[in-house]
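Undergrad: Just to be clear, the model below is a prediction. Sequence and coordinates:
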Amino acid sequence: MILVNNSQLAVDYYEELEPHLDRFPRYVIRDNKIQSCSPFREDRNPSFAVNLDNGTWIDSGATGEFHKGHFITLLSFLREESAEDTCDYLHNAYSALLQDVSDLKLDLSYLDKPENESLKIFNSEELKAFAFRHSYLKQRGISEEVQQLFRVGYDPVRKAVAMCWTDVDGEVVNIKFRSVNTKHFWYADGQRIKNHVYGYSVFRKAPSDVLAIVESEIDCLRLWTEGIAAVALGSAHLSVPQVGILFNSGVKEVVIATDNDKAGERCAKHIEETFVGTFNISRFNFNGSDAKDVSDLTTSEIILGFEGRKAIKVCNAIKI
């Protein structure tokens, strides 16, 4: 059992980790533990373990907050979302299992904004702290023009790229920071990203009939660099608010380009099931590549993955 949002939940730790096992290099399962190289850092020798009885983990080669921790910390890292969103996911997934069927009621609360949700909007003065540039994204194949278009910055103090999340009108509602030296990421104290779609406000300025859906911000930025309109979910999970935003996109075709792993496949199937009959739906083709996501591919591989579709030079239509 694990305490989540004041409820004791019987979480199936292995089931939650199974879609992400490719993030655990050289993993083996012994007795009640997953042992592997660390998913948090570069690690050549297995030094990481997760206890499948209680979800706790330890990284013997790390220090500080990444030495050991709670299951929520690990799962939020793997799902690439805030710990708050991970808690909500687990609560929604497992709390119903504790209820009597006769007590179940249809919950439509997601249609309203939670009273305690922060409606933070970041102003230009706050963003000045990140008005710097680092070569990290350029090395990932993302152009300077697209970085400016998406208001990407850099935090020189914490040595992290700062990627602004905006609402549909282009107001900055949160910032995702990704370390340029490690695999770690974190968020500013803003609105919850699951209520927004990364890149959607940019897409609204230069709409097209075809829209690619990816998981990460970097994947989205890379596709725009290649002239392909894209939005990102921020994780391998499509939320209810994101469904509503995408329903109003006005596109004719959605190309699903989620990550090339089990979690990405689950997300792709969810997207297909959600939008079937609404849009024409196609899949990005990794063509047998072992690349984790589209940002790991070359330009020619990306174009081939879209089955030769003519790249739409959407960026040219926007004044940066």
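TA: Received the coordinates, thanks.

Undergrad: quick one: low-confidence ranges for this protein?
TA: Applying pLDDT under 70 to the chain flags residues 96-118, 308-320.

Undergrad: try it again with 80
TA: Counting by pLDDT under 80, the chain has low-confidence residues at 1, 3-7, 63-66, 95-118, 307-320.

Undergrad: can you map out the helices along it?
TA: 13-17, 71-79, 83-94, 124-127, 136-139, 144-149, 200-205, 217-225, 240-247, 262-275, 299-305 (DSSP state H).

Undergrad: For the longest one, name the packing helices and strands.
TA: Read that as helix 262-275. Under the contact criterion of 3 or more CB pairs under 8 Å, 6 or more residues apart in numbering; DSSP states H and E, helix 262-275 touches helix 240-247, strand 253-256, strand 280-283. Where you see a C-beta, it was placed from the backbone N, CA and C, and this is true even at glycine.

Undergrad: neighbours around Asp209, how many?
TA: When neighbours are counted by other CB atoms under 10 Å, Asp209 registers 12.

Undergrad: mind listing what the nearest residue to it once chain neighbours are set aside touches?
TA: Spatial nearest neighbour of Asp209, excluding adjacent residues (CB to CB, 6 or more residues apart in numbering): Lys252 at 4.4 Å. Going by CB atoms under 8 Å, 6 or more residues apart in numbering, Lys252 touches 209-210, 279-280.

Undergrad: which among those residues gets closest to Phe122?
TA: When the contacts of Lys252 are compared for distance to Phe122 (CB to CB), Val210 wins out at 30.7 Å.

Undergrad: quick one: the closest residue to that closest one other than its chain neighbours from Gly244, how far?
TA: Closest residue to Val210 apart from its sequence neighbours, by CB to CB, 6+ apart: Glu253 at 4.7 Å. Glu253 is 19 Å from Gly244, where distance means CB to CB, to the nearest Å.

Undergrad: Likewise for Val11?
TA: From Val11 across to Gly244, the span is 28 Å (CB to CB).

Undergrad: now swap in Asp219 and tell me
TA: Distance check for Asp219 against Gly244: by CB to CB, it reads 22 Å.

Undergrad: rewinding a little: Val11 and Gly244 - which one has more neighbours?
TA: It is Val11, of Val11 and Gly244, that has more neighbours when counted by other CB under 10 Å, with 20 against 13.

Undergrad: still on that earlier bit, could you provide the contacts of Lys252 in a markdown table, with additional columns for distance to Phe66?
TA: Listed next are those as a markdown table, based on distance: CB to CB, whole Å:
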| residue | distance to Phe66 |
| --- | --- |
| Asp209 | 44 |
| Val210 | 40 |
| Phe279 | 40 |
| Asn280 | 43 |
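
Undergrad: Out of those residues, which end up buried?
TA: Neighbour-count burial (16 or more other CB atoms under 10 Å) applied to these gives 210, 279.

Undergrad: Nearest to Gln148 among the contacts of Lys252?
TA: Val210 (23.7 Å).

Undergrad: correct me, but the closest one touches Ala230?
TA: No: using CB atoms under 8 Å, Val210 makes no contact with Ala230, being 9.8 Å away.

Undergrad: burial measure for the nearest residue to Trp165 once chain neighbours are set aside, as a count.
TA: Excluding its sequence neighbours, the residue lying closest to Trp165 (CB to CB, 6+ apart) is Asn174, at 4.4 Å. Burial of Asn174 is recorded as 25 neighbouring residues (other CB under 10 Å).

Undergrad: ok, now which ones touch Asn174?
TA: Listed by CB under 8 Å, 6+ apart, the contact partners of Asn174 are 120, 122, 164-165, 187-188, 190-193, 196.

Undergrad: Out of these, list just those in strands.
TA: Using DSSP state E, 164-165, 187 are the members of those that sit in strands.

Undergrad: Let me know the distance separating the residue lying closest to Arg266 once chain neighbours are set aside from Glu265.
TA: Counting by CB to CB, 6+ apart, Arg266 lies nearest to Pro19, which is 5.9 Å off, once chain neighbours are set aside. Remark: distance between Pro19 and Glu265 (CB to CB) = 8 Å.
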